[in-house]
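J.: Here is my input, please return the structure:
(one chain, ligands or ions: 3)
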Amino acid sequence: MTVFPRRDSSPASGVMTERETAPVLPGRLTDARILVVDVDPGSVATLLHTLGGAGYRACDGDTDPGAALTLALEVDYALILLDIGRTGLAGLRFLRGYRDGRATEGAPVVVLSTLADRDIRLAALELGARDFIIRPCDRVELLHRVHDTLTTRLLLRDQLRRADRLDREVSARTAELESRRHFLQGIMDSAGEGILVIDRAGRLTECNRAGTAMLGLDSDKALGRRAGTFLPELESRFAGSWETMARRADGDSFPADITVTAAPDHGSIVIMRDATERKVAEQSFWRLANMDEVTRLPNRRVALDRLAACIRDGGEGHIVFLRLSGLDRHADLFGDHSAEHALFQVAERLGECTERVASVYAWDSQCFLLVGEIEPEPLFEGILTALQGPFDDDERALAMELTAGSARFPGDGLSATDLVRRARLAESCARAAETGHLPFTAAMETARVRRHAVEDQIRHALRDCGLDVYYQPKVSLADGGVVGMEALVRMHSPTLGPVSPMEFIPICEESGAIVPVGLFVLRRACRDTVHWRRNGRVPLTVAVNLSPRQLDTPGFADEALAILEEEGLPPQALELEVTETLLMEERQRVDAELMRLRDAGVSIAIDDFGTGHSSLARLTRLRADTLKIDRSFIKNLLRSHEDESIARSIIDLARILDLKVVAEGVETKAHAARLLDFRCHMGQGYLYAPPLPRPGFQDWLDAAMARV
Ligand code: C2E
Ligand code: MG
Ligand code: MG
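T.: Ligands and ions are numbered 1, 2, ... in the order given. Modelled structure (predicted):
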């Protein structure tokens, strides 16, 4: 084998005759590695020389086809020039070996042959030869052929490489886009809202998981569907936010909040929220705000709104404020559930008997408001009848009282709240008067205003020493001598003038102010009595009125005894007047407090005796000392046989029980004479003196002592 490396190559023949006309090859092409295979060393040398002269710097030559084949398979040649030889056998073997031995596409093989070798040429073509050069060949033609073959090959290789690069770029970009699509789809799917992308033709092009779930679509069948099938407004509205009824694929519908935004290259994007829960919450908020939970009636807010609207529209009619008392008692007896059930039934019956004439509202847990063109009195009677029957499964009747107050509109009030306030006031007057129904009157309001003013005055009086104590003497009927006095509280208001204790004491009792008021009177009475007793007067006793509420206050007896001690009045000089009503009911604490005082030496008088229903047993148990005959019997003592008998009986009873007896309201000498006839011990009244302020009483005492 003779190998002709490029550097060794030298012109071996005269083939290259027109060197100067050889094509100028681009530098890249001249880097191409070329293998020359020819059994003739001279020919190899010539060819290498020709090629080297043309600028091909990497050329090898070999005269042994077998060795050349090994080389060709090892080295990545750009072109092989193969002399096929006369028999062609070695050349064809090379071609076959080169074809079969390569894993990749090899270099193009250009076969050099003589004209006569046609069959060999064809065989060579079949074995993969690319081209032929007929020998003897022209140098220029050879170089052109080499140049063209190399150019074609390089172009092809470039194209293949570019195509390959493009392929790789496209697949990388496709993979990147796919991953981005997955990422975006993941984001869309993780959204709680439905996200729908709609093309310009109104068809779904994207829909996230929440969207398909809300619309009841199979995710793979969703795309391409008309969005208007599910969200009808999308046919005509292309942007904005609104609430709609969305249709599911199965035909059901649900409330949805949707926001539609135009997406320039995609049509539009719809964000859809299922509003079912919001709607349910809104409804329950509405119910809470407007309906009564137990009776399921519209509540007072609705009542006031509708009443106001009715007044605004010039409506006329009545409102009835209805109170059901005793529900608490019912709940204590039968439980809350039964009470609520009863209340619900009351509401139902109210609805039945006011149907078509009045609207019924729940005002609070035990009051109702009826509004309509109604006559309150007959309606109230009808309601009373309707509430008669049994009220629950156990056939229990309602042990409750119904009271009502009514007001007329527009006459009794210009606003809904004024009307309700007045009907309510009428109801509380009806309750106080223990009657069923009362219509509102202006007098009720005057009385309420007065009461409010008195309440206010009591508070001021307690704070600013606005209370005073007057004294009214008690006189021995037998000799006209003074035996004691009753302390009577007085209140003078700068705005209201003198306010009678008959008016303010009951208010004090209700509010609890009677406790400090009572202690004030007691202290003042003790102090004044001590003063009069010290000044050499007769051993006067003082009577102080007590209300049950005072006795019901824990520690009252101790406090009273402490006052006595502080002021220096012996308990024996104090008499406490309790009303007869106290004798009517057993009250342990009251009894205990009274006994504590009694044991300390304080006397007990029963005031206004004869007006109530006292029990003789309690009278003796409380160990009262004195009975005070109510002045109503004394007033008509001389005119009414009946009153005379009562007064006389009380005096007899006192004697039998060994009690002292005082007649109240002795106004005339005739009264006094008759009472003396009946052997009454003492008298108190205008005949002797009215209740007097401290200085006046002092004067009266002085005058009385002077008379003795
Ligand atoms: P009471 O304890 O029965 O007092 C007698 C009432 O009869 C006094 O009325 C007195 O002014 C009045 N009176 C006395 N003599 C006559 C008379 O000859 N004719 C007439 N028509 N009335 C006479 P007053 O002072 O208005 O007291 C009324 C009631 O207020 C008292 O009735 C008593 O229940 C209560 N009260 C007065 N002061 C107090 C007090 O400090 N504490 C308590 N808890 N109640 C008091
Ligand atoms: Mg009294
Ligand atoms: Mg009295």
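
J.: got the residue ranges for the helices in the stretch 451-600 of the chain?
T.: 501-511, 514-534, 548-551, 556-567, 581-584, 588-600 (DSSP state H, counting those that start in this stretch).

J.: tell me what the third one is packed against?
T.: In this case it means helix 548-551. Packing partners of helix 548-551 (3 or more CB pairs under 8 Å, 6 or more residues apart in numbering; DSSP states H and E): helix 514-534, strand 574-579, helix 581-584, helix 588-600. Any C-beta I mention is one placed from the backbone N, CA and C, and that applies to glycine too.

J.: So which of the helices of the stretch 451-600 of the chain is nearest residue 444?
T.: The minimum distance between residue 444 and those falls on helix 501-511, with 16.1 Å, by CB to CB.

J.: Pull out the buried residues from that closest one.
T.: If you call a residue buried by 16 or more other CB atoms under 10 Å, then helix 501-511 has these buried ones: 501, 504, 505, 507, 508, 509.

J.: just checking, what packs against it?
T.: Packing contacts for helix 501-511, counted by 3+ CB pairs under 8 Å, 6+ apart, involve helix 442-463, strand 482-493, helix 514-534.

J.: Repeat the analysis, applying 10 Å as the threshold.
T.: helix 442-463, strand 482-493, helix 514-534, helix 548-551 (3 or more CB pairs under 10 Å, 6 or more residues apart in numbering; DSSP states H and E).

J.: for this structure, which spans come out with low pLDDT?
T.: 1-28, 86, 115, 117, 391-398, 536-537, 583, 585-586, 708 (pLDDT under 70).

J.: quick revisit: turn the helices and strands packed on helix 501-511 into CSV, including mean neighbour count and distance to ligand 2.
T.: Below are these laid out as CSV (neighbours: other CB atoms under 10 Å; distance: least, CB to the ion, whole Å):
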stretch, mean neighbour count, distance to ligand 2
helix 442-463, 15, 19
strand 482-493, 21, 6
helix 514-534, 20, 11
helix 548-551, 20, 14
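
J.: Turn those into TSV, columns for distance to ligand 3.
T.: Listed next are those as TSV, based on distance: least, CB to the ion, whole Å:
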stretch	distance to ligand 3
helix 442-463	21
strand 482-493	8
helix 514-534	15
helix 548-551	15
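
J.: I'd like to know which of the ones you listed lies nearest to residue 700.
T.: Using CB to CB, the helices and strands packed on helix 501-511 put strand 482-493 closest to residue 700, at 8.6 Å.

J.: Point me to the helix or strand that includes the closest residue to residue 439 other than its chain neighbours.
T.: Closest residue in space to residue 439, ignoring its immediate chain neighbours: residue 406 at 4.9 Å, by CB to CB, 6 or more residues apart in numbering. Using DSSP states H and E, residue 406 maps to strand 401-409.

J.: Given that strand, what are its sheet partners and their directions?
T.: Strand 401-409 has the following sheet partners, assigned by DSSP bridges: strand 317-325 (antiparallel), strand 437-439 (parallel).

J.: closest one to residue 703 among the helices and strands packed on helix 548-551?
T.: Across the helices and strands packed on helix 548-551, residue 703 has its closest neighbour in helix 514-534 (13.8 Å, CB to CB).

J.: quick one: the strand holding residue 406 to helix 442-463, angle?
T.: Taking axes from the mean of the first three to the mean of the last three CA atoms, to 10 degrees, one finds strand 401-409 and helix 442-463 inclined to each other by 110 degrees.

J.: buried residues in the very next helix or strand once past strand 401-409?
T.: Reading on from strand 401-409 to the C-terminus, the next helix or strand found by DSSP H and E is helix 416-432. For helix 416-432, the neighbour count (16+ other CB under 10 Å) marks 416, 419-431 as buried.

J.: Can you lay out those residues as CSV showing distance to ligand 1?
T.: Output for the buried residues of helix 416-432, formatted as CSV (distance: CB to the nearest ligand atom, whole Å):
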residue, distance to ligand 1
416, 41
419, 37
420, 35
421, 31
422, 31
423, 33
424, 30
425, 26
426, 28
427, 28
428, 24
429, 23
430, 26
431, 24
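
J.: since we're on whatever residue of the stretch 201-350 of the chain ends up closest to ligand 3, how many residues are nearby?
T.: Closest contact between the stretch 201-350 of the chain and ligand 3, by CB to the ion, is at residue 325 (31.5 Å). Neighbourhood size, residue 325 [other CB atoms under 10 Å]: 13.

J.: same thing with the one 3 residues further on?
T.: Neighbouring residues of residue 328 were enumerated by other CB under 10 Å; the total is 13.

J.: same deal with the one 3 residues further on?
T.: The number of residues packed near residue 331 is 16, by other CB under 10 Å.

J.: so it sits right up against residue 294, yeah?
T.: No: with contact defined as CB atoms under 10 Å, residue 331 does not reach residue 294; the gap is 11.9 Å.

J.: Between those two, which contacts overlap?
T.: 339, 340, 342, 343 (CB atoms under 10 Å, 6 or more residues apart in numbering).

J.: Chain neighbours aside, what residue packs nearest to the first one?
T.: Yep, that's residue 339 we're talking about. residue 331 is the one closest to residue 339 (CB to CB, 6+ apart), at 3.8 Å.

J.: Which residue ranges of the stretch 251-400 of the chain form strands?
T.: Using DSSP state E, counting those that start in this stretch, the strands found in the stretch 251-400 of the chain span residues 253-263, 267-274, 317-325, 358-362, 367-372.

J.: For ligand 2, find the nearest of those.
T.: strand 317-325 (32.3 Å).

J.: quick one: the closest one to helix 416-432, angle?
T.: Going by the same axes, to 10 degrees, strand 317-325 makes 50 degrees with helix 416-432.

J.: Tell me how far strand 317-325 lies from the chain's centre.
T.: 31 Å (CA atoms, centre = their mean, to the nearest Å).

J.: follow-up on the earlier one: and ligand 1, which of the helices and strands packed on helix 548-551 is closest to it?
T.: Set against ligand 1 and scored by CB to the nearest ligand atom, those come closest in helix 514-534, at 3.9 Å.

J.: So is the closest one next to ligand 1?
T.: Yes: counting by CB under 6 Å from any ligand atom, contacts between helix 514-534 and ligand 1 involve 518, 521.

J.: Get me the contact residues on this protein for ligand 3.
T.: 607, 608, 664 (CB under 5 Å from the ion).

J.: Out of those, which is nearest to residue 307?
T.: residue 608 (45.9 Å).

J.: Can you mark which positions in stretch 670-681 are buried?
T.: 671, 672, 674, 675, 678, 680, 681.

J.: Just put the strands of the stretch 251-400 of the chain in CSV and tack on distance to residue 461.
T.: Shown next, in CSV, are the strands of the stretch 251-400 of the chain (distance: least, CB to CB, whole Å):
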stretch, distance to residue 461
strand 253-263, 64
strand 267-274, 66
strand 317-325, 32
strand 358-362, 41
strand 367-372, 34
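
J.: Quick one: closest of the ones you listed to residue 440.
T.: strand 317-325 (9.3 Å).

J.: which parts of the closest one are buried?
T.: So for strand 317-325, counting by 16+ other CB under 10 Å, buried means 317, 318, 319, 320, 321, 322, 323, 324.

J.: got the residues of the chain near ligand 1?
T.: Checking the chain against ligand 1 by CB under 6 Å from any ligand atom, the hits are 472, 488-489, 500-502, 505, 518, 521, 545-547, 577, 607-608, 631, 664-665, 667, 684-686, 691.

J.: distance between the helix or strand residue 655 falls within and the chain's centre?
T.: Using DSSP H and E, residue 655 falls within helix 641-656. Relative to the chain's own centre, helix 641-656 is displaced by 70 Å; criterion: CA atoms, centre = their mean.

J.: repeat for stretch 535-553
T.: On CA atoms, centre = their mean, the centre of stretch 535-553 falls 58 Å from the chain's centre.

J.: Buried ones in it, by neighbour count?
T.: By neighbour count with 16+ other CB under 10 Å, stretch 535-553 contains the buried residues 537, 540-547, 549-551, 553.

J.: Repeat that for stretch 198-206.
T.: Those buried within stretch 198-206 under the rule 16+ other CB under 10 Å are 198, 199, 202, 204, 206.

J.: before we move on, what about stretch 285-296?
T.: Within stretch 285-296, the residues that count as buried by 16+ other CB under 10 Å are 291, 292, 295.
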